[in-house]
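**Student:** sequence-free structure coming up:
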């Protein structure tokens, strides 16, 4: 099962810089091992406030307990709080590793909440859902829709998208067949130096930016 985990790190005041660098170095090495084991698929940074350490990871685990053990074994867990969200399969998901990751465009996590107006003819709903599925296949073929999951809760989903910019993505999302019935929340992502899919090398040297 896949999980999206928001990881927030708070280094205790007064911690020596040498200790911080050591933990970061061990965290980077451990992340590489998790990627090699197929447990860590992706790693990003969301928009950050000054001094904030936060990252988002896409993990694979056999269940909540297995995920908890994986997260607890990571070196930064001594200073970190984790907020995991279970991700269920979506019928329109292109599939893991089916859409190539492009490093020359931006990535986004987009949450969709579907609310069909009361009284809508079921035939219109079925038609819109069928057109949405066909459009998802087209967007995956174009390399724009990378993944799609079902979120906990009623009629909620999460998509991983890549596009040339926020404005282009906004127009693309507005053109979806279900757009009139969707509430959309978009989070722009910055590539993490330890991201298994886009890391430039396997060097053990730690990054000196926030974790």
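**Tutor:** All right, it came through fine. What you see is a predicted model; the values in this text were computed from it and never measured. Numbers count the residues shown, from 1 in each chain.

**Student:** Going by C-alpha atoms from here, please, whenever you check contacts or count neighbours.
**Tutor:** Fine.

**Student:** mind listing the helices for the protein?
**Tutor:** Under the criterion DSSP state H, the chain contains helices at 17-36, 64-72, 122-141, 166-174.

**Student:** export those helices to JSON lines and tack on mean neighbour count, mean pLDDT and distance to residue 92?
**Tutor:** Shown next, in JSON lines, are the helices of the chain (neighbours: other C-alpha atoms under 10 Å; pLDDT from 0 to 100; distance: least, C-alpha to C-alpha, whole Å):
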{"stretch": "helix 17-36", "mean neighbour count": "16", "mean pLDDT": "95", "distance to residue 92": "25"}
{"stretch": "helix 64-72", "mean neighbour count": "14", "mean pLDDT": "98", "distance to residue 92": "25"}
{"stretch": "helix 122-141", "mean neighbour count": "15", "mean pLDDT": "97", "distance to residue 92": "6"}
{"stretch": "helix 166-174", "mean neighbour count": "13", "mean pLDDT": "94", "distance to residue 92": "15"}
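
**Student:** Could you point out which of the ones you listed sits nearest residue 113?
**Tutor:** helix 166-174 (12.9 Å; C-alpha to C-alpha).

**Student:** that older thread, nearest to residue 198 among the helices of the chain would be which one?
**Tutor:** For residue 198, the closest of the helices of the chain is helix 17-36, at 11.8 Å, according to C-alpha to C-alpha.
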